[in-house]
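>>> predicted model and sequence follow; I will ask about them next.
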Amino acid sequence: MLEQTTAEAQADGVRRTIDDNSLTPVPETERKSGWYLSWLPAGVATSLLQLTLAGTITALVGSMLGLLAGVLVAAFVLAIGWLFGNIARVEGLSGTVLPRFYGLGVRGSAISSLAFAIMIIGFCASENVLLYNGTLFALGWQDSTGSRILVYGVLTVAWIVLSMFGIKVVARTSSALVILFLLLLAYMVFRIYDTSGATLGEAFTKAATVSTGSGASRFFEVVGILGGQGAALILVNADYTRYARGRSSVGGVNLVGVIMLDLVGIALGVLVLTGGSSLAGDYLVAHGQATPAGAAAAATALATTNTGAYFVIVSGTIGFVLMYVAQAKVQVLNVYSGSLALSNLWHVLTGRTPNRFVMILVANAVCLLLIAAGVFAHLSGFISVLGMIMMGIIATAIADYYFVSRRDRRHREEPVNWAGVVTVAVSSVVSYVLSETGLFPFGFLSATVLCLVLYPFARTSLLKPKAVAHD
């Protein structure tokens, strides 16, 4: 009998670890320090996808304007992220569960869960595509059905296993692999500037290589990309700051996130992809993959579609293997956040509490579907549009928590908060139209301002709650 009780206790402990407070407040006994939690956004921001986006940004506007855009967006995302992350800390709830109580209502929060799940799993799919492309380049394989089944199958199993056991294992994995990834990049930077003849000055002053459209329109596009992924970062960070012990920890997590995403990420892209373009061009010519006249263009294309190839070119097979290992950290974090969003989505749509392991499986299945749908080829527009919606949801929750619901926090749980749903819908449509017509190109910013202004008015006048259920 004792053995059975012990086994049951162990099984219950495993279930709790996998569930990881996906729908319930984090207890005080499980709170963590800001230093511990800061490794998580650092892991998200140091990845192949971020290097690829950095390559796209510098191609569109050049190195210096790319960094300027990063600084501007970082300041905005830091402020909004701290406000939203503090709500997650106080309530102990993940970023996609918070809108149940602030902004959207129980069923209304399906909007935030669906938008965030698609975006974060879309990132996971894009990272997998980059790993796949890099694998083919490293091994000399051709793209085929067999190659896709093998590589994507192995990657999917790896992400499922690594993301099963909650925040503790995720944090431990991320901290070790962030260090490994940065050390590998440091070696690559040393080798690039030691052997290629390129200088840091040349890398950081390189002009845009894309000539289509005006310089202003390309800069606006870059800001839109950074703002869209900033919205995702805010929600991801909220999944971590719900474990924070104090406000300073929330600030630290968000500060590390924006520095790594909008500053270090772009700078590393400049150092590796821009500085290493001559090495990449020479490699492609030597292996018959480009002509001398087309080497520069081929290297630029490689930087925006197959960043993993740079690891092969600069650091050889060993470097590519180490990069593969280090890349695991961001995929674990993507699947972790995606499974939390899907858990809330399933719960609000069915009323049943899901098993988070099942949601991990679903997240990976959706990832494979997005790969098949070609999400990577439409990444910039994908990020910008979903970023508007998510930034509007975040701003609505902030307006509700700090201005509208100050005296009645967490004492009401409505099926649908129509004021919030209508506000998010209107602000998203208006922001998209303004962005597409060029009247105001920063859709994530207009969505934020519109929701902060419109929601308090709608909630207190036009669309007041008709009934309030008290705990």
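Okay, I see it. Everything quoted here is computed from the prediction, not taken from an experiment.

>>> which stretches in the stretch 1-150 of the chain count as helices?
Taking DSSP state H, counting those that start in this stretch, the helices of the stretch 1-150 of the chain run over residues 2-19, 34-45, 48-61, 63-91, 109-139, 145-162.

>>> most neighbours per residue, which of these?
Mean neighbour counts were taken over the helices of the stretch 1-150 of the chain using mean count of other Cβ atoms under 10 Å, and the top value, a mean of 26, falls to helix 48-61. Quick note: C-beta positions are derived from backbone N, CA and C, even for glycine.

>>> between that helix and helix 109-139, how big is the angle?
Computed with axes from the mean of the first three to the mean of the last three Cα atoms, to 10 degrees, the direction of helix 48-61 lies at 90 degrees from that of helix 109-139.

>>> for helix 48-61, packing partners?
Helix 48-61 makes packing contacts with helix 63-91, helix 109-139, helix 215-241, helix 265-269, helix 295-305, helix 308-350 when contacts are defined by 3 or more Cβ pairs under 8 Å, 6 or more residues apart in numbering; DSSP states H and E.

>>> nearest to Y152, out of the ones you listed?
Smallest distance to Y152 across the helices and strands packed on helix 48-61 (Cβ to Cβ): 6.3 Å, for helix 109-139.

>>> any weak-confidence spans in this protein?
1-23, 45, 165-174, 211, 406-412, 466-471 (pLDDT under 70).

>>> can we see that at 50?
Scanning the chain for pLDDT under 50 picks out the ranges 1-4, 6-20, 468-471.

>>> just put the helices and strands packed on helix 48-61 in CSV and tack on distance to V421.
Rendered in CSV, the data for those read as follows (distance: least, Cβ to Cβ, whole Å):
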stretch, distance to V421
helix 63-91, 18
helix 109-139, 7
helix 215-241, 18
helix 265-269, 34
helix 295-305, 37
helix 308-350, 13
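
>>> looking at those helices, spot the one closest to S405.
Minimum separation from S405 across the helices and strands packed on helix 48-61 (Cβ to Cβ) falls at helix 63-91, 10.5 Å.

>>> looking at the helices and strands packed on helix 48-61, which is nearest to L255?
Once Cβ to Cβ is applied to those, the stretch that comes out nearest is helix 63-91, at 6.3 Å.

>>> so how far is the closest one off the chain centroid?
13 Å (Cα atoms, centre = their mean, to the nearest Å).

>>> and Y187, how far from A203?
When distances are taken as Cβ to Cβ, to the nearest Å, Y187 and A203 turn out to be 17 Å apart.

>>> correction: the previous question concerned A69.
Per Cβ to Cβ, A69 is found 17 Å from A203.

>>> again with L72
L72 sits at a distance of 21 Å from A203 (criterion: Cβ to Cβ).

>>> contact partners for the residue nearest to D143 when sequence neighbours are not counted?
Once flanking residues are discounted, D143 sits nearest to L136: 6.2 Å by Cβ to Cβ, 6 or more residues apart in numbering. For L136, the contact set (Cβ atoms under 8 Å, 6 or more residues apart in numbering) comprises Q142, D143, S147.

>>> go on, V222?
I57, L60, V61, L65, G66, A69.

>>> got it, and A328?
When the contact criterion is Cβ under 8 Å, 6+ apart, the partners of A328 are A158, W159, L162, T173, L177.

>>> so what's the residue count around D194?
The number of residues packed around D194, counting by other Cβ atoms under 10 Å, is 9.

>>> so what's it up against?
So, once contact is read as Cβ under 8 Å, 6+ apart, D194 ends up touching nothing.

>>> distance of it relative to I234?
Between D194 and I234 the distance, using Cβ to Cβ, works out to 39 Å.

>>> what residues does stretch 428-444 touch?
Residues outside stretch 428-444 that contact it (Cβ under 8 Å, 6+ apart) are 217, 220-221, 223-224, 227-228, 230-231, 384-385, 387-389, 391-392, 446-447, 450.

>>> still on that earlier bit, Y187 and A203: who's more crowded?
Neighbours were counted for Y187 and for A203 using other Cβ under 10 Å; A203 has more, 23 against 14.
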